[in-house]
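A.B. asks: build me a model from this:
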Amino acid sequence: MAADAAAVLSQEWDVVVIGTGVGGATLGYALAIRGLRILFIEKGGVVAAKEELAAALTPEARLLQGWWPQLVSQRRPDGRCDRFYAPIGCALGGSSIHYAAALERMDPSDFETLLTSRQQVPAWPVSYDEFVPFYEAAELIYRIGPDSDPDGDARLSEWDLALMDAMRRNGLKPERLHIAIRYDRDCQECLGRICPRRCKADSRTVCLEKALRQPRCQVLDHCEVLTLEADSSRVQVIHALHRSDPIELRARVVVLAAGALHSPQILLRSRNSFWPNGLANRSDQVGRNLMFHTADMYALWAPRRFDRRGRQQKSLSVKDFYIRDGVRLGHVQSMGMGAGRGHIAGYLKDTLRRRGLRSELLLSLLAKLPSHLAAWLLGEASIFFGMTEDDPDPDNRIQLDPREPDGAAFTYTITTDLHDRATALRKVFAHHVKPWRLARLSPTLTMNYGHPSGTCRFGDDENRSVLNRNCRTHDVDNLYVVDASFMPRSGAINPSLTIAANALRVANRIAAVVSAP
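C.D. replies: Sure thing, here's the model as predicted:
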């Protein structure tokens, strides 16, 4: 149930969880069913499924649709600053209510030490084998699993089955994507939008709502956390705005799960005499090492006409080139869409918006002819997505900007190495799907701004990380971070399942701490 503000303010909670996306909702659920007093804080509110809507381009419209309402700013090496709306959720359930529900495990190699041109990235302080039980538990909660769907091929179209056969003949080992969707007869496969039938397992439906059925668990929505007030070792007070009114909250344990763009902002804003550089930031690592994934889009044509009708459109996964000859190329998956005019026009408009164009009339005019021409040329093509691992770089970072007080400002550079690896992935994939034909749709390499990570990474070295192996800050005893900020490496996999698994792992530790005498 939604919380009564007066009742919330009158008590000290066992745990306050800031954010209700995959990390926050999964952790809060795991603690709530143990009987702990849990309060969720969410900047957004309840957003219901609606018919397809026009792009939300004002803060008010975005918040009504469950998207982060403010623009973000990306500074580039040439001094240019791009301002755009990032595909980040802001509602009960966070980004997961919009996500396309691909939940895959990271590769064991992603947990190992990485040598880049800039630094040696330490291995994760927790091994892949230690993570496996929590992956398994998260897969049960989100209703997916490596072997849970033996009849899934029956949902694939003739087109997909023919492509899988061609890949196998070319030496590849394609797999069906693990999608957290219950594909019943009426499933509309709500990719990138809110599911009206609740057959998509997002964190609101499978974690948050179940947590809120517990008698000692509440949520305070339309509530924005401003700062955390701390002494030398503990957070004492959470300062927030609830429906524009300032409030103060107290908890034995505070968990940040506001996302890798916004959790570090809260820490950096929380300066005082104990923490002149930002809370928990003695290492000067808060906000650094920002990573995304590449968002390289390909069109793929069949050599002859096949039936495209299938109940599962976001269907195929190719990991054969995850590491090739010692080079991390990445992962290719189908996007669940054809190369229709509407999809192409939407993609072109989003690209132009990131370049600073704001006039919807001009955007429509600029996208109209290219999208018609592209749809005519692409015809029966299907869209695939190449995802290459981004590397941590301390100069890619979140920074406070008085011009963006409610959004996010970051400095980020795409490296030549990342360009080269993404290009190599596309070329080797194209070679191994013949006689299918492939063309790159992205005019330049772009990043998936919906997959930020790494900005409060965990590690054993207190000088190079923000969090310890249990995702508690090195510097503050009762402060944890469980969104994608914790990740030392981005891998080349959608991060949601790893975030959920880590949240379950950390929940065990917090439960032990709170329950201790």
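A.B. asks: where does the protein have low pLDDT?
C.D. replies: 1-5, 51-55, 145-152, 337-361, 363-380 (pLDDT under 70).
A.B. asks: in it, spot the strand with the most residues.
C.D. replies: Ordering each strand of the chain by length in residues (DSSP state E) puts strand 245-256 first.
A.B. asks: list of residues touching that one?
C.D. replies: Strand 245-256 has contacts (Cβ atoms under 8 Å, 6 or more residues apart in numbering) with 5, 8-9, 12-19, 24, 27-28, 39, 41, 223, 228, 235-241, 263, 266-267, 456, 478-483, 485, 510, 513-514. For the C-beta atoms, the positions are set from N, CA and C on the backbone; glycine is no exception.
A.B. asks: show me what counts as buried in it.
C.D. replies: By 16 or more other Cβ atoms under 10 Å, the buried positions in strand 245-256 come out as 247, 249-256.
A.B. asks: circling back to that earlier point, just the buried ones among the contacts of strand 245-256, please.
C.D. replies: Of those, these count as buried by 16+ other Cβ under 10 Å: 8, 13-19, 24, 27-28, 39, 41, 223, 228, 235, 238, 240, 263, 266-267, 456, 478-483, 485, 510, 513-514.
A.B. asks: return the subset of these lying in strands.
C.D. replies: Short answer: the buried ones among the contacts of strand 245-256 in strands (DSSP E) are 13-18, 39, 41, 223, 228, 235, 238, 240, 479-481.
A.B. asks: now the strands for the stretch 51-200 of the chain?
C.D. replies: 72-75, 81-84, 114-115, 120-121, 175-176 (DSSP state E, counting those that start in this stretch).
A.B. asks: which of those strands is buried the deepest?
C.D. replies: Of all the strands of the stretch 51-200 of the chain, strand 72-75 has the most neighbours on average by mean count of other Cβ atoms under 10 Å, namely a mean of 19.
A.B. asks: now the closest residue to Arg309 other than its chain neighbours. Its backbone dihedrals?
C.D. replies: Spatial nearest neighbour of Arg309, chain neighbours left out: Ser157 (5.7 Å); criterion: Cβ to Cβ, 6 or more residues apart in numbering. Phi and psi for Ser157, reported as degrees, to the nearest 10, are phi -80, psi 170.
A.B. asks: any idea how far the residue lying closest to Thr205 once chain neighbours are set aside lies from Cys187?
C.D. replies: Leaving aside its sequence neighbours, Thr205 sits nearest to Arg198 (Cβ to Cβ, 6+ apart; 5.4 Å). Remark: distance between Arg198 and Cys187 (Cβ to Cβ, to the nearest Å) = 11 Å.
A.B. asks: re earlier: could you check the angle strand 12-18 makes with the longest strand of the chain?
C.D. replies: 80 degrees (axes from the mean of the first three to the mean of the last three Cα atoms, to 10 degrees).
A.B. asks: what lines up beside strand 245-256 in the sheet?
C.D. replies: strand 12-18 (parallel), strand 235-242 (antiparallel), strand 479-481 (parallel) (DSSP bridges).
A.B. asks: so for Arg105, which of those strands sits nearest?
C.D. replies: strand 479-481 (21.3 Å; Cβ to Cβ).
A.B. asks: quick one, phi psi at Asp401?
C.D. replies: Dihedral angles (degrees, to the nearest 10) for Asp401: phi -140, psi 120.
A.B. asks: what's around Pro405, how many residues?
C.D. replies: 12 (other Cβ atoms under 10 Å).
A.B. asks: tell me the secondary structure at it.
C.D. replies: coil (DSSP: H, G, I helix; E, B strand; the rest coil).
A.B. asks: roughly how far apart are it and Gln70?
C.D. replies: With Cβ to Cβ as the criterion, Pro405 and Gln70 are 9 Å apart.
A.B. asks: likewise for Arg305?
C.D. replies: Distance from Arg305 to Gln70, by Cβ to Cβ: 46 Å.
A.B. asks: mind telling me what element the most centrally placed residue in the chain is part of?
C.D. replies: Nearest to the mean C-alpha position of the chain, by Cα atoms, centre = their mean, lies His451 at 4.1 Å. Using DSSP states H and E, no element contains His451; it sits outside every helix and strand.
A.B. asks: enumerate every residue touching Val481.
C.D. replies: 255-257, 263, 456, 466-467, 471, 473.
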